[in-house]
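>>> Curious how this folds, go ahead:
(chains A and B)
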Amino acid sequence: GQSLEQPSEVTAVEGAIVQINCTYQTSGFYGLSWYQQHDGGAPTFLSYNALDGLEETGRFSSFLSRSDSYGYLLLQELQMKDSASYFCAFTNTNAGKSTFGDGTTLTVKP
Amino acid sequence: ETGVTQSPTHLIKTRGQQVTLRCSSQSGHNTVSWYQQALGQGPQFIFQYYREEENGRGNFPPRFSGLQFPNYSSELNVNALELDDSALYLCASSFSGGEDYGYTFGSGTRLTVV
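Numbers count the residues shown, from 1 in each chain, chains lettered A, B, ... in the order given. This is a model prediction of the structure:
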């Protein structure tokens, strides 16, 4: 079957670093994406990893290990506005659709 | 460039009725995907359209159907509405072959079935 696992909630303080892990199970894996969604808003694309390693985009970095079926999103210098839900999603070779996890709610405290 | 726009933003329907949701994709995108997001859960894939044809379908019954038009806009139709269909319906456009750019989501249609 196909599935993704990520923690349901994470709490951190402003200025800190937080890592949100994601493990997945699927056949025909193509890549792993990360999305941010604020309450009442649309998911916003953050990053995509097709190859093993780290991708850095400003304060956000994403990592993928295909052999371990594992990835993570790293958020540095946390700001209050980073409080949101974060979803990992894999794309497989089946028509390029993305399958999403249930999301991790990040709460940033002062 | 314009983003993805969905209409209506909110909708209340009665069980058994039919509903049509609309989506205009982002300029330059040729693929539209529809997702259902229940409260507290991740988006669940309904189906995807590419070149006006269904290009993959999730675990949703046939009463969920769709269309894509030559201008890449799309409709999601749901017949015989059930209470469990109450959710946020998200349209996402993308460029086939451009997975590294991800989906661009619209703000969604909040459907309530009573």
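>>> Residues touching the one helix or strand residue A:46 maps to, excluding its own?
In this assignment (DSSP states H and E), residue A:46 forms part of strand A:44-49. For strand A:44-49, the surrounding residues in contact (C-beta atoms under 8 Å, 6 or more residues apart in numbering or on different chains) are A:31-37, A:55, A:57, A:60-64, A:71, A:73, A:86, B:99-105. Backbone N, C-alpha and C define where each C-beta goes, glycine included.
>>> Which pLDDT value does the model give residue 94?
Picked chain A for this. Residue A:94 carries a pLDDT value of 53.
>>> actually chain B
pLDDT, read off for residue B:94, is 88.
>>> hang on, it packs against residue B:31?
Yes. Between residue B:94 and residue B:31 there is a contact at 4.9 Å, judged by C-beta atoms under 8 Å.
>>> where does the chain dip in pLDDT?
Let's take chain A. Residues of chain A that meet the criterion pLDDT under 70 lie in A:93-96.
>>> nope, chain B please
Using pLDDT under 70, chain B drops low at B:1, B:97-100.
>>> Residue numbers of it in contact with chain A?
Listed as neighbours of chain A in chain B under the rule C-beta under 8 Å from any C-beta of the partner chain: B:4, B:31, B:33, B:35, B:40-45, B:48, B:50, B:55-56, B:58, B:90, B:92, B:94, B:96, B:99-108.
>>> Repeat the analysis, applying 6 Å as the threshold.
B:41-43, B:45, B:48, B:55-56, B:99-100, B:102, B:105, B:107 (C-beta under 6 Å from any C-beta of the partner chain).
>>> The residues you listed, buried ones only, as a ChimeraX selection?
Buried members of the residues of chain B next to chain A, identified by 16 or more other C-beta atoms under 10 Å in any protein chain shown, are gathered into one ChimeraX selection as follows:
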select /B:42,43,45,48,55,56,99,102,105,107
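>>> Which of the contacts of strand A:44-49 fall within strands?
Counting by DSSP state E, these place A:31-37, A:55, A:57, A:60-64, A:71, A:73, A:86, B:104-105 in strands.
>>> Quick one, which of these are buried?
Buried by 16+ other C-beta under 10 Å: A:31-37, A:55, A:60-64, A:71, A:73, A:86, B:104-105, out of the ones in strands among the contacts of strand A:44-49.
>>> Apart from its neighbours in sequence, what residue is nearest residue B:101?
Residue nearest to residue B:101 in three dimensions, not counting chain neighbours: residue B:95, with 6.6 Å by C-beta to C-beta, 6 or more residues apart in numbering or on different chains.
>>> Understood, closing this out.
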